[in-house]
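below are the sequence and a predicted model; questions follow.
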Amino acid sequence: MSDQLVQVSREGQIAVITINNPPVNALSTDVREGIGEAIENIVADPQVKAAVLIGAGKTFVAGADIKEFAKITSEKPRESRFLQMLLKLEDCRKPVVAAIHGGAFGGGLELAMAAHYRVASPTAQVGQPEVNLGIIPGAGGTQRLPRLAGVAKAVEMCAQGSPVKAEEALRWGIVDQLIDGDLCAGAVAFARQIAEKPAPKTRERNEKLGTPEQNAPLFAAARENARKRQRGMIAPPAAIDAVEAATTMPFEEGCAFEQKRFLECVLSEQSKALIHVFFGEREVAKIPDVPKETDVIPVTTAAVVGAGTMGGGIAMVLANAGIPVLLKEVDQPALDRGLANIRKNYANSVSKGRITQQFMDERLALIQPTLSFDGFSSVDMVVEAVFEGMQLKKQVFAELDCVCKAGAILASNTSTLSIDEIALATSRSESVIGTHFFSPANVMRLLEIVRGRATSKEVIATCMQLSKKLGKLGVLVGNCLGFVGNRMFGPYRREAQFLVEEGASIEAVDKALFDFGMAMGPLATGDLAGLDVGWRIRREYRHLQAPGVRQPFAEDKLCEMGQFGQKTGAGWYKYDEQRRASSDPAVVVLLREWSAQAGIPQRSISSEEIVDRCIYALVNEGARILEQGYALRATDIDIIYLYGYGFPSYRGGPMWYADRLGLDKVYARICEFHRQFGALWEPAPLLKQLVSEGKTFAEFHPERGAAA
Ligand code: 3HC
Ligand code: NAI
């Protein structure tokens, strides 16, 4: 097995060790053993003077095989044979040159650093992304990287997990040479040059490890940064500790320290959740009845209707992917406003150094403003982003039906309206689909792709593929009110309001959920998005509310007072010119008055109850969505919540979180809320069913998921 995964060939006196474990040459147990055997072979072969270690296919090595982490338990901790194998590689008297293309990530970079030299293609990347999986490097990465790149760069790479491009890796000393053209040939030539020289060992290079005085501020800054930017995560501080150990302990002790912290992390709930997210991000692309081979419609030109908040952002997203886009508005002032916003957004990015002026100019040149449908007949796709209103949407789609070519995709960015009803305004419902971007569209990664009853598989496949090109994570959902994300957000925000109406302070509700890990509390989120949005939707759908069922009132009353949130300077909180929030004593008094009028008794509410009510409201609605087939899998719901709603990634998403807590416990608490608070807490039938079967959400697959 291992000799198929790792092959050794010869180029004269240079051995070429090729790792061939598609798709990404992950270091499974067999691959690691294969590399170990290959090293033994070259040591034993008197003809070989040096070796090149290279990956077959599109990449060097993407790291340890992530699937194998599930096998590590506290009873059966991971053996450190990989670490031993790397020592054997480093101690090999014949120099080994790692030749990197694609990526050398995690264990892949650790492998390369144990080699004596590293050469790379100019397009290659290296990194220690383990923290994104809730772990830290586990094969000496935290000990060898500071010896090659210096402490500052190593601590940044290990704690933040971001990749480094080849040229930067060269500058930092991680890579010794870049090779244009044929990497293997270049690496063999490099190996010939160094074949007779002694093989330098990374673990013996201590000159970049700095002094305690130099390092102390670096570690303090890294810890502060992790505390703020990776709030609640255990792996980044552990990675920093391990790099620090490299500066205070001999190599072997440092490795033992790293192992201990690695093990703590890999056994943690956080790591299980983040590994679920890693595979979940990839799973959402798999749609059972729309196979990979489904034909896609080439999208080389596009149009956006409406240049408001969303339309402008969507036009930027398309232009950023190099797609020329027509941007249509109703009148010149609206068009000018839309374009001014787009320019301002790009200019901001230029001033922050995120993009160059040239990039901005090129992207702007791709956005062609217009007040007419001229040119629409040749575009491959239109995204509609006009005001939220069925009549207007239908009118726009009827117009698009007249002007667009056959086969063009007609997408709506509606956040609440039925795609099927919008499609009725056209003569081609198979071409109509929902592309629900999140605000700000040019920043947020989530894209809910809403499948209408008649949407063709080609149109779905195209939008899923396009989402990747646009840098988005596309998740297919069915066509129900609020689709998946907003449908769940309703009960979540409803509970937040109820809690305030029952006596919790606004700050206490937001803080409990922020401390749980949400990017923002639910009430502050309402202020940011605009309280009027939900207010309008509630008015439109009031007829659907069951009579006699308690409904929240506080937000409606705030809106009636013209307090729409940040945009009006006041909502749940009041805001200064810089949009900094502070408590609004008037709102606090009003809340008590409103609650008294409604006869709601006031009580003290624990942060545990706040979290349980808001998060279980998400879970209960998620269970209904799953059962009704509006999401393909529980994972899809998790990904939507992580990328669209600021759910903490280290908790894996609401459905994963519930699974890990134990659905029996979640069900029992929901039943308790049902008794205490009434009909809105009716447990979802699926939840009850799974509890009785002893199963999890992850084990449930709806028969016709995402309303196929
Ligand atoms: N282990 C197992 N499977 C892996 C894997 C890994 N390290 N890396 C990728 N895969 C799988 C993916 O799940 C996917 O499977 P699928 O086709 O069945 O969905 C397939 O390989 C292709 O992956 P992508 O779709 O992600 O391919 P891309 O070309 O878009 O991206 C990549 C390639 C940038 C390498 C990306 O896959 C990636 O980031 N991989 C993980 C890198 C990583 O985190 N490495 C560290 C691992 S932990 C470690 O090494 C610990 C060490 O310190 C001991
Ligand atoms: P907006 O009010 O900022 O912009 C709408 C724009 O459409 C206005 O500039 C208006 O002049 C233009 N418009 C109206 N009729 C038009 C027509 N016939 N032809 C061309 N342009 C026309 O609205 P926003 O926030 O951008 O919302 C647009 C859509 O996106 C809505 O369906 C909304 O529900 C949805 N959405 C909004 C999100 C948000 O956070 N704002 C998030 C996700 C979806």
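Looks like it came in fine. Ligands and ions are numbered 1, 2, ... in the order given.

for ligand 2, what's the nearest residue on the protein?
Gly308 (1.8 Å; CB to the nearest ligand atom). (C-beta placed from N, C-alpha, C; glycine too.)

quick one: that residue from Glu329, how far?
Distance, Gly308 to Glu329, using CB to CB, to the nearest Å: 9 Å.

where along the stretch 451-600 of the chain do the strands fall?
473-478, 574-575, 581-582 (DSSP state E, counting those that start in this stretch).

now render those strands as CSV, adding mean pLDDT.
Below are these laid out as CSV (pLDDT from 0 to 100):
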stretch, mean pLDDT
strand 473-478, 98
strand 574-575, 96
strand 581-582, 96
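
and the helix or strand hosting Ala340, what does it pack onto?
Per DSSP states H and E: Ala340 is located in helix 332-351. If you count contacts as 3 or more CB pairs under 8 Å, 6 or more residues apart in numbering; DSSP states H and E, helix 332-351 packs onto helix 309-320, strand 325-328, helix 357-366, strand 367-370.

now do the longest one: everything it contacts.
This means helix 309-320. 302, 304-305, 307, 325, 327, 338-339, 341-342, 345-346, 363-364, 366-367, 383, 385-386, 413, 437, 439-443, 470-472 (CB atoms under 8 Å, 6 or more residues apart in numbering).

and the residues you listed, which of them are buried?
Buried residues within the contacts of helix 309-320, defined by neighbour count using 16 or more other CB atoms under 10 Å: 302, 304-305, 307, 325, 327, 338-339, 341-342, 345-346, 363, 366-367, 383, 385-386, 413, 437, 439, 441-442, 470, 472.

next helix or strand past the least confident helix or strand in the chain by mean pLDDT?
Sorting the helices and strands of the chain by mean pLDDT, DSSP states H and E puts helix 2-5 at the bottom, at a mean of 76. Using DSSP H and E, the helix or strand that follows helix 2-5 in sequence is strand 6-11.

returning to that earlier point: so which of the strands of the stretch 451-600 of the chain is nearest Gly526?
Proximity to Gly526 (CB to CB) singles out strand 581-582 among the strands of the stretch 451-600 of the chain, at 11.9 Å.

pull up the pairing partners for the closest one, direction included.
Strand 581-582 has the following strand partners under DSSP bridges: strand 574-575 (antiparallel).

quick one: contacts of the partner strand?
In contact with strand 574-575 (CB under 8 Å, 6+ apart) are residues Asp527, Gln566, Gly569, Ala581, Ser582, Ser583, Asp584, Val587.

list the contacts for the nearest residue to Gly521 once chain neighbours are set aside?
Distances taken as CB to CB, 6 or more residues apart in numbering place Asp510 nearest to Gly521, at 2.4 Å, with adjacent residues excluded. By CB under 8 Å, 6+ apart, Asp510 lies in contact with Met520, Gly521, Pro522, Leu523, Ala524.

any idea how far Glu507 is from the fourth one?
Put plainly, it is Leu523. 9 Å.

neighbour-wise, which of those two wins?
Taking neighbours as other CB atoms under 10 Å, Leu523 and Glu507 compare with Leu523 leading, 26 against 17.

residue contacts, that one?
Going by CB under 8 Å, 6+ apart, Leu523 touches Ala496, Gln497, Val500, Ile506, Val509, Asp510, Trp572, Tyr573.

farthest-apart pair in those, please.
Gln497 and Tyr573 (14.4 Å).

what does this protein have sitting close to ligand 1?
Residues of the chain lying near ligand 1 by CB under 6 Å from any ligand atom: 23-24, 26, 59, 62-67, 103, 105-107, 110, 129-130, 133, 137-139, 141, 279, 282.

so which of those residues are in strands?
If you go by DSSP state E, the residues of the chain next to ligand 1 have Gly103, Phe105 in strands.

now the residues of the chain next to ligand 1: which count as buried?
For these, buried by 16+ other CB under 10 Å: 24, 26, 59, 62-66, 103, 105-107, 110, 129-130, 133, 137-139, 141.

just those residues: which are in helices?
Residues of these located in helices (DSSP state H): Gly107, Glu110, Gly141.

is it correct that the first one is in contact with Gly63?
Yes: contact status for Gly107 versus Gly63: in contact at 4.5 Å, counting by CB atoms under 8 Å.

list residues touching both of the two?
Leu27.

pairing partners for Val97 in the sheet, please.
Here Val97, judged by DSSP bridges, has bridge partners Val52, Tyr117.

gap between it and Ala44?
19 Å.

neighbour count winner among these two?
Applying other CB under 10 Å to Val97 and Ala44 shows that Val97 carries more neighbours, namely 30 against 8.

list the contacts for the more buried one?
Counted by CB under 8 Å, 6+ apart, Val97 has contacts 50-53, 115-119, 187, 190-191, 194.

from those, pick the one nearest Val290.
Nearest to Val290 among the contacts of Val97 is Leu53, at 39.5 Å by CB to CB.

thank you kindly, that will do.
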